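Asker: Everything below, folded, please.
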Amino acid sequence: MLLTQSTRSVSALLTRWRIFASLSSLPLPSSNPSSAASPACAETVWIVPLLEHSWFDHVRLKRVFVTDGTRHQVVLIDVRKLLACADRDNTDYVLKPVAEWHAGKVRGIREFLDPDNPRIPQMPYVTITTRRAPGLLGWVGFEREGVVSFRNGQHRARYLADAGARWFPVEVHEREAVMLRELCGAPDDARTAIRATTLGGPPQVVPPPASQP
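Answerer: Okay, here's the model as predicted:
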C-alpha cells in the first residue's frame, strides 16, 4: 500500500525528533579542557656541589629513565672509584683528562651544566661488569675488578670530577645496581652532601643508596 503525503510527512517528523532526542542526550564537551588533563609527574633533581669550580658551585642532574615501570635505578657513586673502573674500559671510548680537552669542548660542557641553564642535564648512564684482576689472585679467580662503561654522560662525569665533585648520582639497570654500589658506591657522607629536590617543592636529603628509586 502506498503511503499518503500526510503519512510520509508525519513519519519524517518523527524520524527527525528521534535524531534530535538522541543528540541532546550526549554529554557536552568540557568548557575547560585543561581541567580534564592528568597532572604532570613531579620531577626530582639532584643538587651536586662542586668544590673546585670558579664558574658555579653546584650542578643539577635529573634521571634518564622517568617512565613508570622503569627497570633502572639511581645510585650515588664515589667519583674516584667510578672513574677508576671506567679507565679499565677497553672499548676505545675512554676520554683524556679535562686539561687535555680543546677549549670549545670545555666551554660547551660548562655551559651545558650551568645551573642557570633552563634545561636540566641528565645524570650519567652506565653499565658495570667485572673481570679478573691482574696478578696471581686474579688469574686463579680469587680477585676481580670492576669495569664501567658509559652509555651516556662520560664528558659531564669527567668534567664534574675535575670541578671538585666527590659524589654524584648515576643511573644503571636494576640488575647491575648492587654491583655498582659494592664497587663504586658513595659513603654515608654523600647523603648529606647531595640534595634531591622536587621541582616546585622543598629540598630533601637523598635517601640511602640501597633504597633509591
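
Asker: for the protein, where's the lowest mean pLDDT among helices and strands?
Answerer: Sorted by mean pLDDT, DSSP states H and E, the helices and strands of the chain end with helix 33-36, the least confident at a mean of 36.

Asker: so what secondary structure elements neighbour the helix or strand that that one is followed by?
Answerer: Counting by DSSP states H and E, the next helix or strand C-terminal to helix 33-36 is strand 44-49. Contact partners of strand 44-49 among helices and strands, from 3 or more Cβ pairs under 8 Å, 6 or more residues apart in numbering; DSSP states H and E: strand 58-62, strand 167-173, strand 195-198. Bear in mind the C-beta positions are built from the backbone N, C-alpha and C, glycine included.

Asker: Direction included, what does strand 44-49 pair against?
Answerer: If you go by DSSP bridges, strand 44-49 pairs up with strand 58-62 (antiparallel), strand 195-198 (antiparallel).

Asker: Okay, buried residues for the last one please.
Answerer: So the one you mean is strand 195-198. By 16 or more other Cβ atoms under 10 Å, the buried positions in strand 195-198 come out as 195, 196, 197.

Asker: Let me see the contact set for residue 121.
Answerer: By Cβ atoms under 8 Å, 6 or more residues apart in numbering, residue 121 lies in contact with 59, 60, 61, 62, 112, 113, 156.

Asker: let's see it at 10 Å
Answerer: Neighbouring residues of residue 121 by Cβ atoms under 10 Å, 6 or more residues apart in numbering: 59, 60, 61, 62, 109, 112, 113, 114, 115, 153, 156.

Asker: Just the buried ones out of those residues, please.
Answerer: With neighbours counted using 16+ other Cβ under 10 Å, those contain these buried positions: 59, 60, 61, 62, 109, 113, 153, 156.

Asker: now, among the residues you listed, which is nearest to residue 182?
Answerer: Closest approach between the buried ones among the contacts of residue 121 and residue 182, by Cβ to Cβ: residue 153, at 21.2 Å.

Asker: my guess is that closest one meets residue 122, correct?
Answerer: Yes: contact criterion Cβ atoms under 10 Å: residue 153 and residue 122 qualify, at 6.8 Å.

Asker: mind checking how far the closest residue to residue 48 other than its chain neighbours is from residue 133?
Answerer: The spatially closest residue to residue 48, leaving aside those adjacent along the chain, is residue 168, at 4.5 Å (Cβ to Cβ, 6 or more residues apart in numbering). Remark: distance between residue 168 and residue 133 (Cβ to Cβ, to the nearest Å) = 26 Å.

Asker: Also residue 79?
Answerer: Distance, residue 79 to residue 133, using Cβ to Cβ: 21 Å.

Asker: now do residue 60
Answerer: Per Cβ to Cβ, residue 60 is found 36 Å from residue 133.

Asker: neighbours around residue 183, how many?
Answerer: 20 (other Cβ atoms under 10 Å).

Asker: Show me what the helix or strand where residue 191 lies is packed up against.
Answerer: Using DSSP H and E, residue 191 sits in helix 190-193. Helices and strands touching helix 190-193, by 3 or more Cβ pairs under 10 Å, 6 or more residues apart in numbering; DSSP states H and E, are strand 44-49, strand 72-78, strand 167-173, strand 203-205.
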